[in-house]
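Asker: This is the structure alone, sequence omitted:
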């Protein structure tokens, strides 16, 4: 029997993010998930090395890869729409869950047991870190757009910074203090 799960995952490259915003450079879901995986791995390592946590950085990276897989079927719902009010947020969580279930139905049962916890973010310890990576990736996108002269992302950047601060995760604070400024630099400045 043939299964469609992995071919569907590879369709991430066709999903554009930031649909309501004018972008100087379009970002795909594939790009975002790679960045989220790298950031989740980094935050988990910071947690282990600097904060005494017992995270699995490898697990965090894998969760980052799958955290938005549902968007293959739903598209990227803009944050201002998604969180406009509790009813919309609840309804969209139902849509995300249905999309994840549709993806899991594209796997044989034994494989669905492996991928279900990844798609459904069932790791309570790492879930906040993965949520933070989503926001960090958004902040980096806002910085890149601002650097390109696109003022469309200025308010989004302020909002994302405030949301990251509210998360109150020491791993995020350390990353922002030690690594975020580099995203403001040009290639020549990083050498």
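Answerer: Right, received. Where do you want to start? Fair warning: this is a prediction, and the values are worked out from it, not measured in the lab.
Asker: so who does the residue nearest the centre of the chain touch?
Answerer: Geometric centre of the chain, nearest residue: residue 134, 3.0 Å, by C-alpha atoms, centre = their mean. Contacts for residue 134 (C-beta atoms under 8 Å, 6 or more residues apart in numbering) come out as 36, 67-68. C-beta: built from backbone N, CA, C; applies to glycine.
Asker: Looking at neighbours, which among these is most surrounded?
Answerer: Tallying neighbours with other C-beta atoms under 10 Å puts residue 36 at the head of the contacts of residue 134, with 26 neighbours.
Asker: And the helices in this structure?
Answerer: Ranges of helices in the chain, per DSSP state H, are 5-9, 29-51, 57-66, 71-74, 79-82, 86-104, 109-119, 127-147, 154-167, 170-178, 187-190.
Asker: Nearest to residue 17 among those would be which one?
Answerer: helix 29-51 (5.7 Å; C-beta to C-beta).
Asker: and that closest one, average pLDDT?
Answerer: In this model, helix 29-51 has a mean pLDDT of 98.
Asker: so it versus helix 57-66, what angle?
Answerer: Per axes from the mean of the first three to the mean of the last three C-alpha atoms, to 10 degrees, the angle that helix 29-51 makes with helix 57-66 is 150 degrees.
Asker: In the chain, what helix or strand scores lowest on average pLDDT?
Answerer: helix 79-82 (a mean of 76; mean pLDDT, DSSP states H and E).
Asker: how near is residue 113 to residue 119?
Answerer: Distance, residue 113 to residue 119, using C-beta to C-beta, to the nearest Å: 12 Å.
Asker: Could you do residue 127 as well?
Answerer: Taken as C-beta to C-beta, the span from residue 127 to residue 119 is 13 Å.
Asker: So for the two, which sits in the more crowded spot?
Answerer: Applying other C-beta under 10 Å to residue 127 and residue 119 shows that residue 119 carries more neighbours, namely 21 against 13.
Asker: Identify the residues contacting the closest residue to that one other than its chain neighbours.
Answerer: Once flanking residues are discounted, residue 119 sits nearest to residue 100: 4.4 Å by C-beta to C-beta, 6 or more residues apart in numbering. Contact analysis of residue 100 by C-beta under 8 Å, 6+ apart lists 69-70, 119-120.
Asker: now those residues in JSON lines, with distance to residue 2?
Answerer: Formatted as JSON lines, the contacts of residue 100 follow (distance: C-beta to C-beta, whole Å):
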{"residue": "69", "distance to residue 2": "20"}
{"residue": "70", "distance to residue 2": "22"}
{"residue": "119", "distance to residue 2": "20"}
{"residue": "120", "distance to residue 2": "24"}
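Asker: Weed out the non-buried ones from the residues you listed.
Answerer: Buried by 16 or more other C-beta atoms under 10 Å: 69-70, 119, out of the contacts of residue 100.
Asker: Now flag whichever of these is closest to residue 91.
Answerer: residue 70 (13.9 Å).
Asker: which residue sits closest to the closest one, ignoring its sequence neighbours?
Answerer: Looking at residue 70 with C-beta to C-beta, 6+ apart, the closest residue is residue 99, at 3.8 Å.
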